[in-house]
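Participant: Following is a predicted model, sequence given first.
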Amino acid sequence: MKKYRLAIFASGNGSNAENIARHFSNHHSIEVALLLSNNSAAQALAKANALGIETIAFGKADFKEGGSVEQALVERGITHLILAGFLWLVPVFLIKRFPKRIINIHPALLPKFGGKGMYGRHVHEAVKMAGEQESGITIHIVNERFDEGQPLLQAKCELLPGDGVEEIASKVQELEYKHYPAAIERWIVGA
Ligand code: GRF
């Protein structure tokens with residue numbers, strides 16, 4: 001059992017989760033010990049299983065104080081929670097149990113284009129509608145409100161007038177894969 005054990009929470013495709021898991025596959029002190037999803041059909045579950053990572057699918061009733069999610073995290077000695085496309089608000093009891101040890105990535109330059117309902121292509125559509133000349137990612141500590149925790153890193157990409165939602169999503173996703181694993185490592189074990 002390594003010193004730092006990560007649990008990844010993902011609701012959908014899981015490409016960031018997979019990228020993070022691969023990054024830490026042979027790390028000296030950090031391992032991805034568990035992937036959890038609120039969506040039993042999430043591709044993230046299959047991706048984690050293919051990498052030999054234990055997975056848990058859960059529902060609303062499990063995601064409360066003393067519920068099976070909290071028990072699973074404690075039993076496995078989880079030290080940090082990584083949100084990677086997780087669409088539910090993290091309950092206060094988890095934020096208290098993992099103070100400054102829950103991190104999220106948002107596919108825009110917060111505080112713009114954040115908050116409830118701003119996820120996936122909704123974000124890129126809003127950026128496009130606003131006529132922004134740049135977008136990017138924000139990696140931040142998670143608190144009780146969507147996308148409002150202390151920022152740890154922002155990275156930007158230039159947008160061209162002809163860029164549609166797909167092009168914006170692709171440019172942002174490139175930044176996610178490039179920066180998230182290393183940002184997690186710096187946040188956990190320092191620079
Ligand atoms: C990413 O755009 C991430 O920034 C956001 O949710 C999306 C997850 O994509 N939080 P994937 O499931 O990792 O492919």
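Facilitator: Sure, I can see it.
Participant: where does this protein have low pLDDT?
Facilitator: Residues of the chain meeting the criterion pLDDT under 70: 191.
Participant: mind giving me the domain split of it?
Facilitator: As given by automatic domain parsing, the domain ranges for the chain are 1-99, 107-137+157-191.
Participant: Quick check: nearest residue in space to Q154, chain neighbours excluded?
Facilitator: T138 (5.1 Å; C-beta to C-beta, 6 or more residues apart in numbering). Using the backbone N, CA and C atoms, a C-beta is placed for each residue, glycine as well.
Participant: How much space separates the one you found from I105?
Facilitator: Using C-beta to C-beta, to the nearest Å, T138 is found at 7 Å from I105.
Participant: Repeat that for Q43.
Facilitator: In terms of C-beta to C-beta, Q43 sits 17 Å off from I105.
Participant: what sits against the closest residue to I20 other than its chain neighbours?
Facilitator: Once flanking residues are discounted, I20 sits nearest to P181: 5.2 Å by C-beta to C-beta, 6+ apart. Neighbour list for P181: N19, I20, H23, F24 [criterion: C-beta atoms under 8 Å, 6 or more residues apart in numbering].
Participant: same deal with G136?
Facilitator: So G136 contacts A108, L109, Q154, A155, K156, C157, V172, L175 (C-beta under 8 Å, 6+ apart).
Participant: how much space between the third one and L175?
Facilitator: What it means is Q154. 9 Å.
Participant: shared neighbours, these two?
Facilitator: G136, I137.
Participant: between those two, which one's more packed in?
Facilitator: L175 (20 against 16; other C-beta atoms under 10 Å).
Participant: pretty sure the more buried one is touching I137, no?
Facilitator: Yes: using C-beta atoms under 8 Å, L175 is in contact with I137, at 4.8 Å.
Participant: Pull up the overlap in contacts between those two.
Facilitator: What both L175 and I137 touch, as defined by C-beta under 8 Å, 6+ apart, is the set A155.
Participant: my guess is I53 contacts L35, does it?
Facilitator: Yes: under the criterion of C-beta under 8 Å, I53 is in contact with L35, at a separation of 5.4 Å.
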